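# Sequence and predicted structure below; questions after.
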Amino acid sequence: MITTKSSSIPPAARYLSAGECAVVVEYGSIVDPVVHDRVLALDAAVAKAAIKGVTETVPTYRSLMVHFDPLQISQAELICRLQEIEVASTSSAAIVARSRWLIPICYEGDCAEDLVELAEKLGMSPERIVSLHSSAVFRIYMYGFAPGYIYIGGNPRELWVPRRLAPRPSVAIGAVVTGPGGQSGIYPCSLPTGFYVIGRTPERLFVLSRSPIFLVQPGDELVVEQIDRTTFDALSKKEVEAGRTVIRRVG
Amino acid sequence: MKGHLRVLRAGRGETIQDGGRHGFLRYGVPTAGPMDWVAHSTANCALGNEPGAAAIEVSISGIDLMCEIAPLRIAYAGGDFVWTYNGKRVPHAAILRLNPGDYVSVKAGSWGTWAYVAVPGGLDMPPVLGSRSTNLTSQFGGLDGRSLALGDVLCPTAPTSPGTWSGLETLIAAPWLDRCTKRIRLILGPQDDYFEPSSIEALFHESFLLGPRFDRMAYWLNGPTLKHSSKGADIVSDGIALGAIQVPGSGQAVVLMADRQSTGGYPKIATVIRADLGRVAQTRPGEELRFERSDPVQARGVLLALHRNFDRIADYVSAAGSTDSEYLFGCNLIDGVVGTARY
């Protein structure tokens, strides 16, 4: 069960083995901005330390996975180094660069194919759902599942809903979904989903032929610019298809 | 002028794979790369390539290839596939020198699921996100992100010296390619504390069979039910290492392979050590796997020994000279050489 709650006590790190080529530094087992901030602070500190043998890091909701080449550094040595960095990054109080992005989302017609079903399920009007969702401040927690798929949190509690009984085999690119435990996501490509599709952005979160290929970072925030269907089509055709981005940095 | 390979027949699972796409897991991009990285590295090193150079990954459905334009050397290794050169049986790991019009046919043999064909300098194609590995799910890398098909042309990066002689150049008698035994070493974690102690016992003392469901993403095992502790079978998503053994609510273990997702929400009881991952990959449905407990220090030692073999690959490639490969098979020398020492 995925739970979200807010804590104010800086969590202690656990070091977990994930084979001889990866270590997990875990700060908790819940979705929590405080836990996530610790993960991002360590991620930034590890990148800065440029430890020999570390090949890549993967920040998630609650942990940092550090992949490494054991022929260049042993797991024991790496954990020692990470512990030093961890202590230093705790005292430097999580200074993580963070952007806020304004993302256009259309909540109309076929862009929001599950909106009416969700409204019935939650016993509120579709307008109320759109109003709640479009006024929220979302945090990007992590990428995963597929290239460019972002797990976002901050969905208003009124919109928390269990997965649909029958998952959709595929959703449109840019589908904005809501699910259990405050989880939301935005689809970078056509994929199956068990969540409710309530909107769609013309933006592409993963385009190989574009620079930058990926637009946002874990820790960034998203706020919604509600657009109508005409604007959605215009942005899709005139901007996104021409390789331009339509999300805007607002902070 | 460089010789190239043309695909005359491909099954459904033949792709281009190099050492994998590293550095983009944080953006949700799977590593991909070879299913049996040891066999992949061996074929590359036999030609003097970097271990992670781009090569053809052949699945159990096999492939037929023809050399065109100019001579081309190839090295191949993997499970015990049946390899033929112009219709004549050749050893299951070797370097061949091909002339235009020569063809090589690969079919499943007595054991194994994956094999590799390397060419001089690696296959020549543009990298995507730093790698030539095929990402089938998202359809990029390799040849347009797809599996190989009839008519595809695959070019080497480096030339082959001119000459008219063709045939079996050398065997690759690499004892580490024997993957018949399925004793797989594991390191517990990262979520072994999500399981009952009896599940940890079962993991190391009972046997598991590979079920019918296996692909480049995951191998689904049938075996004892690994019961979760009171913490349950769902976790908030965290990173997934190559070779992680994930256990969903059903209690049946799933080994996560090259095309695994970067993160996931089921507890992972243990991780296959990197040196043994190719053994898991070479398992066929219905075959047994048994797990042994290892630790990071032992796993690192085994990995180091394996890499030393690649550095000394010349000691393991023996000149075939004029010896006929059928004669070698008649003596059972090939099986003998390949079947002896184990690391």
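Sure thing, it's come through.
# The residue in the stretch 151-300 of chain B positioned nearest to chain A - how many residues pack around it?
Going by CB to the nearest CB, chain A is nearest to B:G239 of the stretch 151-300 of chain B, at 2.8 Å. For the C-beta atoms, the positions are set from N, CA and C on the backbone; glycine is no exception. B:G239 sits with 28 neighbouring residues when counted by other CB atoms under 10 Å in any protein chain shown.
# do the same with B:H307
15.
# So which residues on the stretch 1-150 of chain B come close to chain A?
B:22-30, B:128-129, B:135, B:137-138, B:140 (CB under 8 Å from any CB of the partner chain).
# Give me the buried subset of the residues you listed.
By neighbour count, with 16 or more other CB atoms under 10 Å in any protein chain shown, the residues of the stretch 1-150 of chain B next to chain A hold B:22, B:24-30, B:128-129, B:135, B:137-138, B:140 as buried.
# how about TSV for those residues, with pLDDT added?
Shown next, in TSV, are these (pLDDT from 0 to 100):
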residue	pLDDT
B:H22	97
B:F24	97
B:L25	97
B:R26	97
B:Y27	97
B:G28	96
B:V29	97
B:P30	97
B:V128	97
B:L129	97
B:N135	96
B:T137	90
B:S138	92
B:F140	97
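# that older thread, wait, which of the residues of the stretch 1-150 of chain B next to chain A is closest to A:P188?
The closest of these to A:P188 turns out to be B:G28 (CB to CB; 8.1 Å).
# residue contacts, the closest one?
By CB atoms under 8 Å, 6 or more residues apart in numbering or on different chains, the contact list for B:G28 reads A:143-149, B:261-263.
# again, 10 Å this time
A:58, A:142-151, A:188, A:205-206, A:214, B:138, B:261-263 (CB atoms under 10 Å, 6 or more residues apart in numbering or on different chains).
# Sketch out the low-pLDDT regions of chain A for me.
A:1-11, A:90-97 (pLDDT under 70).
# Would you map out the domains in it?
Split into domains by automatic domain parsing, chain A comes to A:14-91, A:100-249.
# As CSV, these with mean neighbour count would be great.
Listed next are the domains of chain A as CSV, based on neighbours: other CB atoms under 10 Å in any protein chain shown:
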stretch, mean neighbour count
domain A:14-91, 20
domain A:100-249, 18
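# In chain A, which residue sits nearest chain B?
Going by CB to the nearest CB, chain B is nearest to A:M65 of chain A, at 2.8 Å.
# Would you reformat the buried ones among the residues of the stretch 1-150 of chain B next to chain A as a markdown table and include distance to A:V176 and secondary structure?
Formatted as a markdown table, these follow (distance: CB to CB, whole Å; DSSP: H, G, I helix; E, B strand; the rest coil):
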| residue | distance to A:V176 | secondary structure |
| --- | --- | --- |
| B:H22 | 31 | coil |
| B:F24 | 24 | coil |
| B:L25 | 24 | helix |
| B:R26 | 22 | helix |
| B:Y27 | 19 | helix |
| B:G28 | 17 | coil |
| B:V29 | 22 | coil |
| B:P30 | 24 | coil |
| B:V128 | 27 | strand |
| B:L129 | 25 | coil |
| B:N135 | 24 | strand |
| B:T137 | 21 | coil |
| B:S138 | 20 | coil |
| B:F140 | 24 | strand |
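# and of these, the nearest to B:G223?
Within those, the smallest distance to B:G223 is 25.6 Å, found for B:P30 (CB to CB).
# Counting by contacts, list what the helix or strand in which A:I198 is found packs against.
Applying DSSP states H and E as the criterion places A:I198 in strand A:196-200. Counting contacts by 3 or more CB pairs under 10 Å, 6 or more residues apart in numbering or on different chains; DSSP states H and E, strand A:196-200 packs against strand A:100-106, helix A:115-122, helix A:126-134, strand A:175-178, strand A:184-186, strand A:221-227, helix A:229-234.
# To B:S41, which of those lies closest?
Once those are compared by CB to CB, strand A:184-186 is nearest, at 37.0 Å.
# Return the alpha-carbon coordinates of stretch B:259-273 using CSV.
Written as CSV, here are the backbone C-alpha positions of stretch B:259-273 (Å, rounded to 0.1, in the frame of the first residue of the first chain):
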residue,chain,number,x,y,z
ASP,B,259,15.5,-4.9,-20.7
ARG,B,260,14.1,-4.5,-17.1
GLN,B,261,12.5,-1.2,-16.1
SER,B,262,14.7,1.1,-14.1
THR,B,263,12.4,1.1,-11.1
GLY,B,264,9.7,-1.0,-9.6
GLY,B,265,7.3,-1.5,-6.8
TYR,B,266,7.7,-5.1,-5.7
PRO,B,267,10.2,-6.4,-3.0
LYS,B,268,13.4,-7.8,-4.4
ILE,B,269,14.6,-10.7,-2.2
ALA,B,270,18.1,-11.1,-3.8
THR,B,271,20.3,-10.2,-6.8
VAL,B,272,22.0,-12.7,-9.1
ILE,B,273,25.8,-12.0,-9.1
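# from the middle of its chain, how far away would that stretch be?
Relative to the centre of its chain, stretch B:259-273 is centred 19 Å away, using CA atoms, centre = their mean, to the nearest Å.
# Average pLDDT for that stretch, rounded please.
Across stretch B:259-273, the average pLDDT comes to 94.
# can that stretch be found next to chain A?
Yes - for stretch B:259-273, a contact with chain A is found by CB under 10 Å from any CB of the partner chain, at B:261-265, B:268, B:270-273.
# Would you check that the residue of chain A closest to chain B makes contact with A:V58?
Yes - with contacts counted by CB atoms under 10 Å, A:M65 reaches A:V58, the gap being 4.3 Å.
# Find residues that contact each of these two.
Joint contacts of A:M65 and A:V58 (CB under 10 Å, 6+ apart) are A:22, A:24, A:39, A:43, B:25-26, B:238-241, B:262-263.
# if you look at those, which of them are in strands?
A:22, A:24, B:238-239, B:263 (DSSP state E).
# how about the residues of the stretch 101-250 of chain A near chain B?
A:141-151, A:181, A:183, A:188-189, A:191, A:205-206, A:208, A:213-214, A:216-218.
# Mind doing that once more with 6 Å?
Within the stretch 101-250 of chain A, the residues that sit near chain B (CB under 6 Å from any CB of the partner chain) are A:143-147, A:149, A:208, A:214.
# and A:E203, what is it in contact with?
For A:E203, the contact set (CB atoms under 6 Å, 6 or more residues apart in numbering or on different chains) comprises A:246-247.
# Tell me where the stretch 201-343 of chain B has helices.
For the stretch 201-343 of chain B, applying DSSP state H, counting those that start in this stretch gives helices covering B:277-281, B:296-311, B:325-330, B:333-339.
# Can I get the residues of the stretch 101-250 of chain A next to chain B in a markdown table including secondary structure?
Listed next are these as a markdown table, based on DSSP: H, G, I helix; E, B strand; the rest coil:
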| residue | secondary structure |
| --- | --- |
| A:Y143 | strand |
| A:G144 | coil |
| A:F145 | coil |
| A:A146 | coil |
| A:P147 | coil |
| A:Y149 | coil |
| A:L208 | coil |
| A:F214 | strand |
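# from those, which two are the most distant?
Greatest spatial distance in these: A:G144 and A:L208, 18.4 Å, computed using CB to CB.
# Give me the contacts around stretch B:206-224.
By CB under 6 Å, 6+ apart, stretch B:206-224 touches B:202, B:253-260, B:283, B:285, B:287-290.
# Hmm, I typed the wrong one, I wanted stretch B:54-66.
For stretch B:54-66, using CB under 6 Å, 6+ apart, the contacting residues are B:5-6, B:8-18, B:34, B:40, B:43, B:103-108, B:113, B:115-118, B:122-123, B:132.
# what's the answer for stretch A:231-248, then?
So stretch A:231-248 is contacted by A:101-104, A:106, A:202-204, A:210 (CB under 6 Å, 6+ apart).
# how about 7 Å then?
A:101-104, A:106, A:111, A:200, A:202-204, A:209-210, A:215 (CB atoms under 7 Å, 6 or more residues apart in numbering or on different chains).
# again with stretch A:107-125
Stretch A:107-125 is contacted from outside by A:126, A:129-130, A:161, A:196-200, A:226, A:228-229, A:232, using CB under 7 Å, 6+ apart.
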